[in-house]
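Chemist: got a predicted structure here, sequence first:
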Amino acid sequence: MLPISAAALAALGQATARPVRAEWSNDGGQTWTPATFGSGSVTPDRTAEVRYSASVELLDVPRGRSGINSVTTEVRLFQGLGVPRREVEWIPAGRYTIDRLKRTALGVNLDLLGREDIVRGASFPTARTIGPDSARVCAEALYAEALPGSPVSWRKGARGDLPIPAFVVDEDRWAALSGGTDTSGTATGVAASIGAETFCDARGIPTVAPVPTLADPAVWRIPRQLVTARPSEEETSENLRNLWVISGDAGSGDKVVGPVFVWDEDPASMTYAGPDPVDDPLAPQRLGLNVRVRTGRYSSALITSLEQARTVGLARLADSLGVQASLSFSAICNPALEPGDVVEAEVAEGVWQRHIIDANPYTLGGITMTCQTRTSTRKV
C-alpha cells in the first residue's frame with residue numbers, strides 16, 4: 001500500500017472532500033507545472049504490462065513544444081483525501097507519459113501510460129550482452145539508460161543479490177528486465193529469473209518486488225459497511241498449475257541447473273498435488289485422495305543455482321494457485337491501495353476472506369472503486 005496515515009485510512013468512509021491535483025513536466029520531472037483538472041480515471045492493474053494507465057481531461061493548458069505534447073511531456077496525478085479536522089492528504093495516482101492527445105473545447109483529453117512505456121520504447125539499436133553481474137546491478141543499469149536519474153526500489157524479499165550470467169538481448173529492453181526470450185528462444189528477464197516482478201509504481205519509481213502471495217500481511221481490512229455493492233464471486237481453473245518444473249539452461253552446452261520441482265503441499269487446499277507427485281505419483285490412490293496434478297514448466301538462461309530455481313518455482317506457484325476464486329466488489333475508494341496488496345474482505349456477515357488485489361480502477365474525485373481480486377480455494 002502507498003503511504004497513508006492511519007487516521008486517513010480509518011476515516012475513508014467519512015472523507016468530506018476528494019480533490020484532484022494534476023501537474024505536467026517537459027524536463028524529465030525536474031520541474032512541474034500545475035494544471036487544472038477536469039475529469040478522469042485511473043486504472044492500476046497488476047495483470048497489465050504497464051501497471052498504471054489513466055484517461056484525463058486537463059483544462060486551459062498550453063500545447064506544443066513549450067506546453068503539453070505527446071513527445072516530451074510527463075503528467076503526475078494525485079488524489080486527495082479530506083477528512084474531518086485534518087488537512088488534505090495527497091496520495092500519488094500515477095506518473096505517466098502521453099499515449100494520445102486530443103484537443104477539446106476546454107483543453108485536452110489525454111490517454112496516459114505509466115513509465116514502463118518509456119522503458120519499452122528505449123529498445124537497443126543493436127544486440128547487447130547483459131551481465132554477468134548481480135540481478136541488482138543488471139536491472140538498475142537497464143533502467144538507468146531509459147530513466148536517467150531515477151532510483152530503483154527493491155522491496156523486501158526481492159533477491160537482488162542473486163547472480164545473473166551473461167545473456168544477449170536483441171532489442172527489447174523491457175523484456176530483458178521483466179520477462180522475454182534471448183536470441184536462442186530461451187526465457188530471460190532479470191526479475192522473472194529471481195522470482196520477482198518489476199513495474200513502475202504510482203510515484204513513477206521503477207520497482208522490483210517479490211510476487212505477492214496470500215501469506216503476505218494484509219494491508220487493509222474491508223468491513224461490509226465499506227462495500228457499496230454486492231460482491232460478485234467467480235471461480236475458474238484457467239491457467240491453474242499446482243506443480244512447477246524449473247530449470248536453468250543457457251543453451252551453451254554447460255551443465256543444466258535442475259530440474260527443481262515445486263508443488264502445492266497443503267492437504268487443506270483444493271489444488272493439493274499430493275505428498276510427492278514426482279517420485280510417488282500413485283500415492284494419492286493408495287491414500288484415497290482426490291488429487292489432480294496440473295504441471296507447468298519454466299526454463300531460463302538466467303537461473304544458475306538450485307536455490308534460485310526454487311525461488312522462481314515458489315513465485316510461479318503462488319501466481320498460478322491464486323487464480324481459483326475471484327471477487328469483484330465496489331468499495332469506498334482507497335487511493336493508497338496498490339495492485340498486489342493483500343486485503344481481508346468481509347464477503348458475508350462475519351465471513352472474512354484474504355484476497356490479492358489484481359486491479360482497482362477508480363474515478364478521480366469519486367468516492368468508490370472497483371476491486372478485482374484473487375484467492376486460493378481451500379477445502380471447507
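Modeler: Yes, it's here.
Chemist: okay, strands next: where are they in the stretch 1-150 of the chain?
Modeler: Under the criterion DSSP state E, counting those that start in this stretch, strands of the stretch 1-150 of the chain are mapped to 20-25, 33-44, 52-59, 74-81, 89-103, 107-114, 128-130, 133-134.
Chemist: reformat these as TSV; add mean neighbour count and mean pLDDT.
Modeler: In short, each C-beta sits where N, CA and C put it, glycine included. What follows is the strands of the stretch 1-150 of the chain, written out as TSV (neighbours: other Cβ atoms under 10 Å; pLDDT from 0 to 100):
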stretch	mean neighbour count	mean pLDDT
strand 20-25	20	96
strand 33-44	18	96
strand 52-59	21	96
strand 74-81	22	96
strand 89-103	19	95
strand 107-114	22	95
strand 128-130	16	89
strand 133-134	16	94
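Chemist: now do the strands in the stretch 151-300 of the chain.
Modeler: 153-154, 163-164, 167-169, 180-181, 187-188, 196-200, 206-210, 218-222, 232-235, 243-248, 257-263, 295-300.
Chemist: ok, back up a step: dump the strands of the stretch 1-150 of the chain to JSON lines, plus distance to residue 179.
Modeler: Output for the strands of the stretch 1-150 of the chain, formatted as JSON lines (distance: least, Cβ to Cβ, whole Å):
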{"stretch": "strand 20-25", "distance to residue 179": "30"}
{"stretch": "strand 33-44", "distance to residue 179": "20"}
{"stretch": "strand 52-59", "distance to residue 179": "19"}
{"stretch": "strand 74-81", "distance to residue 179": "25"}
{"stretch": "strand 89-103", "distance to residue 179": "21"}
{"stretch": "strand 107-114", "distance to residue 179": "17"}
{"stretch": "strand 128-130", "distance to residue 179": "14"}
{"stretch": "strand 133-134", "distance to residue 179": "18"}
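Chemist: nearest to residue 239, of those?
Modeler: Residue 239 sits nearest to strand 33-44 of all these, at 21.2 Å, using Cβ to Cβ.
Chemist: so, low pLDDT: which residues of the chain?
Modeler: Within the chain, the stretches with pLDDT under 70 are 180-186, 227-238, 250-254, 322-327, 376-380.
Chemist: show me the residue at the heart of it, geometrically.
Modeler: For the chain, the residue sitting closest to the mean C-alpha position, by Cα atoms, centre = their mean, is residue 46 at 3.7 Å.
Chemist: I figured that one was touching residue 358, is that so?
Modeler: Yes - counting by Cβ atoms under 8 Å, residue 46 touches residue 358, with 5.3 Å between them.
Chemist: so what sits against both of these two?
Modeler: Residues within reach of residue 46 and of residue 358 at once, by Cβ atoms under 8 Å, 6 or more residues apart in numbering, are residue 339.
Chemist: and residue 353, how many neighbours does it have?
Modeler: 18 (other Cβ atoms under 10 Å).
Chemist: swap in the one 10 residues further on?
Modeler: A count of neighbours around residue 363, defined by other Cβ under 10 Å, yields 17.
Chemist: residue 270 too?
Modeler: 20.
Chemist: one more: residue 244?
Modeler: Neighbour count of residue 244, defined by other Cβ under 10 Å: 26.
Chemist: what's the answer for residue 104, then?
Modeler: 11.
Chemist: contact partners for it?
Modeler: When contacts are counted by Cβ under 8 Å, 6+ apart, residue 104 touches residue 57.
Chemist: what about 10 Å?
Modeler: Counting by Cβ atoms under 10 Å, 6 or more residues apart in numbering, residue 104 touches 38, 57, 58, 59.
Chemist: closest to residue 214 among those?
Modeler: Closest to residue 214, out of all of these and judged by Cβ to Cβ, is residue 57, at 38.5 Å.
Chemist: so the closest residue to the closest one other than its chain neighbours versus residue 226, what's the distance?
Modeler: Of all residues not flanking residue 57 in the chain, residue 38 sits nearest, at 3.8 Å (Cβ to Cβ, 6 or more residues apart in numbering). As judged by Cβ to Cβ, to the nearest Å, residue 38 and residue 226 stand 28 Å apart.
Chemist: and if you look at residue 65?
Modeler: With Cβ to Cβ as the criterion, residue 65 and residue 226 are 46 Å apart.
Chemist: surely residue 259 meets residue 296?
Modeler: No - using Cβ atoms under 10 Å as the test, residue 259 is too far from residue 296 to be in contact (12.0 Å).
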